[in-house]
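Kindly generate the corresponding structure for this input.
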Amino acid sequence: MVFAAPKQAVARAEEVLGSAPSPLHASVAHQVIGIWQRDWGDMKLALHHLRRARDLAVRAESTDREGDALAALGVALVTAGRTRQGLDALERGVRVSSGHTRARVLFRRAYASWVLGRHRESLEDVRRAIPVLRQMDDVIWTARALTLRATVHLAVGAVERAEADFAAAESLFDTTGQEHDKADGVESRGLAAFRSGDIPAALRLFDEAGDRYAKLGTPSFMLYIRRCEVLMAAGLAPEALAEADAAIAVLDGIGGQSTLKAELLLAAARAARRAGRSAHRDRARGARGAAVRRAAAALVGRRMPGWCWSRHGSPPGAARDGWSPTRPRPPSGGRVRRAGARRPARGPDRAGPGLDGGRGAASGRRRPQSAQRSAAGADDRLGGAGAAGPGRRIAAGRAGGLPTRSGRARRPPDDAGRLGVAGPGHRTGRGAGRVGAAGQPGLRQSAPAAGVERALAGHRAVGAADPPAADPELLGDLTAFREIAARAEAARMEGRPIPALEREQRRLEREIRGRTLHIRGDAPGFGSRFDPGRLLDRLGDVLLVELAVLDGRVQVLLCGQGRVRRFEAGLLAEAETEAEHVQAGLRRLAHPGAEARLPVVEAMGCRLEELLLGPAAAHLGSGPVVVVPPGRLHRVPWALLPSLRERVLSVSPSASSWLRAHETEPPPGGRQVLVRGPGLATEGAEVSELAGRYGGSTVLEEDEARVPRVLEELDGAALAHIAAHGTFRADSPLFSSLRMADGPIVVHDFERLDRSPYRIILSCCDTARFASVGADELLGLVTALLPLGTAGVVACTAPVNDAAVVPLMLALHKGLSSGLSLAEALRDARAALPGDATHQATGWAFSAFGAA
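Modelled structure (predicted):
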């Protein structure tokens, strides 16, 4: 009953103990309470009750009762980090029990072996237990044994066998009332989906399992750990960090298993490092230093140093954290290799020994062995040589921090190398940040430029998800979010924030984010191999300038006229700092009275060009230019650079994204849509004039500019002009929004369109801001629109003066009416602006994205 109705089972057990029971019945009651405390409560209390259950079983002179109590106690001791005591208890339980009870004890010992990474022993015990359980018609324990065997099969990479056992177990559980076991089966199927590379399905199943656990009041901390693993594989380190922190807080509150806390602490530390959270890095050096030592002691205490270190690596900042030789220490490359040889495969963590062994060899200056072992580790993950799936691609990224061919140690050039996010075939939902880019182990100085471009072209080429129109619950959540967000914003503007509304808004955001994570991403041609030759053919007289980063320095690739040339520019860190100074200068120029700042900002533009283009600036020619920057340079106002200021200029998230936009055909009919949101200082003055210029256009303003109507008109339009206040959410970029009459229209809303407008002009602040996530992915409004059928966007990277935007927009549309592209029309519109500082800064702040 403890796994069917846990709280009622504990209540019944307490009733039994309060009624002067016999030793036999008291033993059962203490065991029930001990199991509940072991899995969902305080481990100290669990061990107390389970020891009482064992002692009472001895008093009852029932060997089968004693064996069953010893099995439960042994599992608790193993999960508490007392491995030897736990294994001894399980061994004694097998000896004293017989028949049906012995089969159940063997199942528990198999579980303990799985926890310890001893997969061969685990499979052997399950093999002995299942026939007896079936013979006794023990449906519940047979299903549990099949679930465990499936989990072990997953750990050794036998996905098909695992799926067969999961299916058999699920059909058996359906005939029982074991709700917790059913939830565990759903969680296990989610793990199988992840091992197969299906992240949306994994997250959907994990959420379903979490809902089932919540109804039972039985939190599963292994579920938290697995969700962290999936989220980090998807490049969503901040979400993984929040997941781990929430689990640690719950576990601390109940005094749960120390080994689970060790896993969660290490997961949080890895997520914090990937998320780049300085506060968590500080915690990592202090609390995490102690936590890592406790985690290491707990894990090594389980007699599994190879598993521990191959999974988690050595403690970051070990010297700073006070790591000493008297405590468990990270092993040498040789020790890791030996541990890896002893430890069977563990799915996507299987490459750990090879990669960490490679690092050990690198630290020992055995570079050939380092490269060989890292490559072997990457290839070995998820099924060995020739295996496909996310694990192998993730492993390739982990191998990044190894020496170059010149023998000089380096770290990966960007987040792609560090994170090793799955390749194009590893698709995720749109809510997962559109991750689907190849994790690149890094550029090498001797690599041909064309090969570099081929490697980088897919970094930000991501697929769109299927429109979620068929999900009524998601649509309902979006509608509720819009209303609550509008009310909360109105309350803040009136100076009376309402915490209840803000809490409800955050809850709805979590619901929406969770649902969108389940949507599978796809797009025509997504995942196909990038062809540099095809790109060079399509460029014509256009010069594509792709910026990559190698050893902290910007590398400029000039692609055009049938060839690719490479130049080395300045340091990325200096360029980022200068770009932030430029942003501050543009914000100041958006206000009157800042004329004296204009020469300063222009000088910053010259400095930025030296850092970003270097000698390549002299080789740009006179034709159109497309800039493909890395994620960390997404806020650069490229039109401010002197060599780009007076030319046809567009920006693209990736070379393949530009190619897709270039080949996108405009929709038939040429329909124009003009939208004016509320609260604009100029009241969207350009919209009225544009309505007269575009005869027959659809104009939505005041109460007509409501989200459902706006989306209906935008779907399939040839041109959309939206004048509305924009809000960028750095904490959750897919909730970046434009303010409509009935509330915000967010990125998730745009993704409901069957086809977004061919051209979109966003004449408001901060609409071209992005968050960099995963393998150099960019999340924001513009990057969400480009895969949905939009070929070109004009948007703004900085706050601008509303009044100065009006003449820029009118001049832009004048160029479009004469047949110019967005980039050509924007260049001419800048040239037509007055020469004062405010108008010049406004022109620099807007960029054309795509190829329309």
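
Quick check: the nearest residue to D836 once chain neighbours are set aside vs A837, distance?
Nearest non-adjacent residue to D836, counting by C-beta to C-beta, 6 or more residues apart in numbering: E595, 7.0 Å away. Placement of C-beta: from N, CA and C, glycine included. From E595 across to A837, the span is 5 Å (C-beta to C-beta, to the nearest Å).

which of the two has more neighbours?
Counted by other C-beta atoms under 10 Å, E595 and A837 do not tie: A837 has more neighbours, with 25 against 11.

That one contacts P599, correct?
No - at 9.3 Å, A837 and P599 do not qualify as touching, with contact defined as C-beta atoms under 8 Å.

Share the number of residues neighbouring the nearest residue to K261 once chain neighbours are set aside, please.
For K261, the nearest residue in space outside its immediate sequence neighbours is L251; the separation is 5.3 Å by C-beta to C-beta, 6+ apart. Here the count is done by other C-beta under 10 Å, and L251 has 19 residues near it.

elements contacting the helix or strand hosting L251?
Assigning secondary structure by DSSP states H and E places L251 in helix 237-254. Here helix 237-254 touches helix 221-233, helix 258-275, going by 3 or more C-beta pairs under 8 Å, 6 or more residues apart in numbering; DSSP states H and E.

residues of stretch 594-613 that come out buried?
By 16 or more other C-beta atoms under 10 Å, the buried positions in stretch 594-613 come out as 594, 597-598, 601-602, 604-605, 607-613.

Export those residues as CSV, with columns for distance to L644.
As requested, the buried residues of stretch 594-613 are exported to CSV (distance: C-beta to C-beta, whole Å):
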residue, distance to L644
A594, 23
R597, 21
L598, 18
V601, 15
E602, 13
M604, 14
G605, 9
R607, 14
L608, 10
E609, 8
E610, 13
L611, 14
L612, 10
L613, 8
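
These in helices, which ones?
Among the buried residues of stretch 594-613, the residues falling in helices (DSSP state H) are L598, V601, E602, M604, G605, R607, L608, E609, E610, L611, L612.

Now the second one: closest residue in space, sequence neighbours ignored.
Just to be clear, that refers to V601. Setting aside the residues directly before and after it, V601 is nearest to G585 in space (C-beta to C-beta, 6+ apart), at 4.0 Å.

Now for the one you found, how many residues are close by?
Residues near G585, counting by other C-beta under 10 Å: 25.

Surely it touches A596?
No - with contact defined as C-beta under 8 Å, G585 does not reach A596; the gap is 11.3 Å.

Now do the same for the residue nearest to K261: its pLDDT.
On pLDDT, L251 comes in at 75.

element containing the residue lying closest to V115 once chain neighbours are set aside, please.
Distances taken as C-beta to C-beta, 6+ apart place V78 nearest to V115, at 5.8 Å, with adjacent residues excluded. Secondary-structure assignment from DSSP H and E places V78 in helix 63-79.

before we move on, what about L547?
L547 belongs to strand 543-550 when elements are defined using DSSP H and E.

which helices and strands does that strand pack with?
helix 449-457, strand 553-560, strand 625-628, helix 655-662.

switch the cut-off to 6 Å
Helices and strands in packing contact with strand 543-550 are listed as strand 553-560, strand 625-628; criterion 3 or more C-beta pairs under 6 Å, 6 or more residues apart in numbering; DSSP states H and E.

what lines up beside the first one in the sheet?
Meaning strand 553-560. Looking at strand 553-560 with DSSP bridges, its partner strands are strand 543-550 (antiparallel), strand 563-571 (antiparallel).

any idea of the angle it forms with helix 655-662?
Counting by axes from the mean of the first three to the mean of the last three C-alpha atoms, to 10 degrees, strand 553-560 points 40 degrees away from the direction of helix 655-662.

Now do strand 553-560 against helix 598-612, angle only.
Going by the same axes, to 10 degrees, strand 553-560 makes 80 degrees with helix 598-612.

Report the distance from strand 553-560 to the chain centre.
When distances are taken as C-alpha atoms, centre = their mean, to the nearest Å, strand 553-560 is centred 28 Å away from the chain's centroid.

No further questions, thank you.
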